[in-house]
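Asker: I need the structure of the sequence given here:
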Amino acid sequence: MADRAPPLHHVLDASALLCLLFDEAGAEKVEARLDLARICAVNYQEVLVALVDRGIKPENAQTMLGQLDIEIVPMDRAQANIAGALRPLTRASGLSLGDLCCLALAWTSRAVALTTDRAWADLDIGIAIEVVQ
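Answerer: Below is the predicted model:
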């Protein structure tokens, strides 16, 4: 992928947001990057499911996330096309659909993808990636 302009903000992977919510290693780094943070609707849904799976009622999970003031960006055709194009470049790293959606939003937003997934550190796909922990 071609060179892009300097990153303008951060796009959160579900793992980064869950790290913050559960005060895991790296949470302070995620919190420091919340200004102008965005999350793909697909990753937002992943976080909601993870919270519900941990016993939090759906309405309480929605309230928790609503207090963070993070922009939720719908998945569109351009992002879907980019996610599809990223698949052959990332297959060996075992990235999920949600991971690809996060990276696609980071690409279209010219932003840094923020994750706790160490497998992303080795990616060389023309997208700025920061692994926190």
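Asker: where in this protein is pLDDT low?
Answerer: 1-8 (pLDDT under 70).
Asker: in it, which spans are helices?
Answerer: Using DSSP state H, the helices of the chain run over 14-21, 27-32, 41-53, 58-66, 77-90, 97-109.
Asker: Format the ones you listed as TSV; extra columns: mean neighbour count and distance to residue 120.
Answerer: Bear in mind the C-beta positions are built from the backbone N, C-alpha and C, glycine included. Converted to TSV, the helices of the chain look like this (neighbours: other CB atoms under 10 Å; distance: least, CB to CB, whole Å):
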stretch	mean neighbour count	distance to residue 120
helix 14-21	25	9
helix 27-32	16	14
helix 41-53	18	13
helix 58-66	13	22
helix 77-90	15	9
helix 97-109	24	8
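Asker: In CSV: those helices, plus distance to residue 115.
Answerer: Output for the helices of the chain, formatted as CSV (distance: least, CB to CB, whole Å):
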stretch, distance to residue 115
helix 14-21, 5
helix 27-32, 10
helix 41-53, 10
helix 58-66, 18
helix 77-90, 12
helix 97-109, 7
